[in-house]
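Pasting the sequence and the predicted coordinates here, then a few questions.
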Amino acid sequence: MIYTCSQARQKLSQVLDEALKEGEVRIKRKDGQIFIIKSEPKIESPFDVSGVDLNISAGEILQFIQESRKYL
C-alpha cells in the first residue's frame with residue numbers, strides 16, 4: 001500500500017505495524033517521490049540463552065565454587 005505523507009503522519013503506528021507485517025510500506029510525497037519504510041529484524045544478544053534447570057540451590061552452587069577454589 002502507498003500512503004501519502006499526510007496519511008503516514010496521522011497513522012504512523014498503523015504504518016509501522018503494516019511494515020512489520022508486510023515487510024515494507026511506501027510513502028509518496030506531493031512531488032511524487034516515493035520512500036520505502038522497512039522493518040529491521042530484531043537483533044538478539046548472543047548472551048540471551050535459555051537457562052538450564054539443574055535442580056540445585058544457590059547454596060549448593062556457592063559450595064561448589066568454594067570447593068573448586070581450594071585446589072587453585
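Cool, got the structure.

The closest residue to Glu22 other than its chain neighbours: what's it in contact with?
Once flanking residues are discounted, Glu22 sits nearest to Met1: 7.9 Å by Cβ to Cβ, 6 or more residues apart in numbering. (Each C-beta comes from the backbone N, C-alpha and C, glycine too.) Shown in contact with Met1 (Cβ atoms under 8 Å, 6 or more residues apart in numbering): Glu18, Glu22, Val25, Arg26.

Turn these into CSV, including secondary structure and distance to Ile34.
CSV is the format used below for these (DSSP: H, G, I helix; E, B strand; the rest coil; distance: Cβ to Cβ, whole Å):
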residue, secondary structure, distance to Ile34
Glu18, helix, 15
Glu22, helix, 15
Val25, strand, 11
Arg26, strand, 5
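
quick one: which of these has the most company?
Val25 (22 neighbours; other Cβ atoms under 10 Å).

Helices along the protein, start to end?
Using DSSP state H, the helices assigned to the chain run over residues 5-10, 12-22, 58-69.

Which positions within stretch 6-26 qualify as buried?
Neighbour-count burial for stretch 6-26, counted by 16 or more other Cβ atoms under 10 Å, picks out Ala8, Val15, Glu18, Ala19, Val25.

quick one: which of these is nearest Pro46?
Nearest to Pro46 among the buried residues of stretch 6-26 is Ala19, at 26.5 Å by Cβ to Cβ.

residue contacts, that closest one?
Ala19 touches Val25, Ile37, Lys38, Ser39, counting by Cβ under 8 Å, 6+ apart.

Just confirm Ile36 contacts Glu22, I think it does.
No: using Cβ atoms under 8 Å, Ile36 is not in contact with Glu22; the gap is 11.2 Å.

any low-confidence regions in this structure?
72 (pLDDT under 70).

center of this structure - which residue?
For the chain, the residue nearest the mean C-alpha position is Lys42 (3.3 Å; Cα atoms, centre = their mean).
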